[in-house]
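*Asks:* one predicted model, sequence on top.
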Amino acid sequence: MDLGNLVSTNHAYDDLLRRTLSGMQSELARLIYLASTRDYNSGVYHHEGLEARYGAAPARIALQAAHKDIFYRLAALSLAGLVEELDLYVRVSREAPGGLIHAWQELEPYRVAVPMGVDATAVQLFLSNVRVALEVLRFHQARARDRRPASSLQPLLGR
Amino acid sequence: MMWACIFVALAGFFVLLLLSADEKIPKEAAGEGWLIPEPGGCRDVLPIGDIASRIFSREDREFVLRLGSPGLRSMYQKERREVALLWVARISRAVGKIMQEHKLASRYSRNLDAGIEAKLVLQHARFRLVCGLLMVLIRIFGPHAMGDLAAHVGELYQRISKVVGPSEIALDQVRNTH
């Protein structure tokens, strides 16, 4: 990579962090967003705004680098931290929490969010932690349902 | 005769450990670029210590234990055991690959130091034994095997000292020191 491209890549990376990623509330949302900028068939990243401003190659490298960075941050997160991240993601998504957790457990869409060419052990650790974190969230939900006072149901039953 | 049996059993155990360290790992998990940074300068590897400390983290286990759900606990143990076994297998394989490359390179080397080479071979054998032992322990006791074993030894000590009595253990210690 020549010096001009390297400078453009650094600028594209900063721009991506400052303008796009900083607006997202959770690391998981950033990971999924970055994975969505990658073409499923070719594995190449695309971002029109960044490409128009900095060129195709610097934009692609910046997106790839940011994707890997965020993935490694999530893979190194404690289980409690990942549960918090996932909980935040669920709350921000505006989907019914039960439905989202069920869909994630059934379809495992987080598998597609993993960048290419990353450490395979980190991938396995991340996928395993997400599976456990989803189960923890489901457990929290079930416990919250059980703890809801029976008196709160009485007016409904009386109707 | 008995010594011969013990010797054969020990030899068998060591062979088993060495074979455990060489265990096959799933193909999709056997990325060839493991621990090798890609060109471009961005962060391409998670430091090996970070992965190990996360896999064997007591913090994660305590978090799951605090939830008080047996189902979650067993799911966590199963998941973490698999990742831990994969980590040991990959570490063992990566070092094996380095040794193989060294062996190939040393064939063409003119100034080989036999002492250093022997030391390297011994260290590699020791490393594989430790990896094998780790695999057996993780398989049997889970990813927190070492800590669990130490806690188990502590529990056993307490049970024995309750049965035998603290005075007798103290007396034994005094006898042993004199």
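*Replies:* It's in. In this text, all values refer to a predicted model and were calculated from it rather than measured experimentally.
*Asks:* so the residue lying closest to B:Glu79 once chain neighbours are set aside, which of the three states?
*Replies:* Computed as Cβ to Cβ, 6 or more residues apart in numbering or on different chains, the closest residue to B:Glu79 that is not its neighbour in sequence is A:Ser128, at 4.3 Å. For every residue, glycine as well, the C-beta is placed using N, CA and C. With DSSP: H, G, I helix; E, B strand; the rest coil as the basis, the three-state label of A:Ser128 is helix.
*Asks:* for A:Ser128, what are its contacts?
*Replies:* Counting by Cβ atoms under 8 Å, 6 or more residues apart in numbering or on different chains, A:Ser128 makes contact with B:79-80, B:82-83.
*Asks:* would you list these in a markdown table and tack on pLDDT, secondary structure and neighbour count?
*Replies:* Shown next, in a markdown table, are the contacts of A:Ser128 (pLDDT from 0 to 100; DSSP: H, G, I helix; E, B strand; the rest coil; neighbours: other Cβ atoms under 10 Å in any protein chain shown):
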| residue | pLDDT | secondary structure | neighbour count |
| --- | --- | --- | --- |
| B:Glu79 | 95 | helix | 19 |
| B:Arg80 | 94 | helix | 26 |
| B:Glu82 | 94 | helix | 16 |
| B:Val83 | 93 | helix | 23 |
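*Asks:* let me know the closest of those to chain A.
*Replies:* B:Glu79 (4.3 Å; Cβ to the nearest Cβ).
*Asks:* hmm, the closest one is touching A:Arg131, no?
*Replies:* Yes: the pair B:Glu79 / A:Arg131 is scored as a contact, 6.3 Å apart, by Cβ atoms under 8 Å.
*Asks:* buried set for the helix or strand A:Asp15 falls within?
*Replies:* Here A:Asp15 sits within helix A:3-15, counting by DSSP states H and E. Neighbour-count burial for helix A:3-15 flags A:8-10, A:12-13, A:15 (criterion: 16 or more other Cβ atoms under 10 Å in any protein chain shown).
*Asks:* which strands and helices lie in contact with that helix?
*Replies:* helix A:48-54, helix A:56-75 (3 or more Cβ pairs under 8 Å, 6 or more residues apart in numbering or on different chains; DSSP states H and E).
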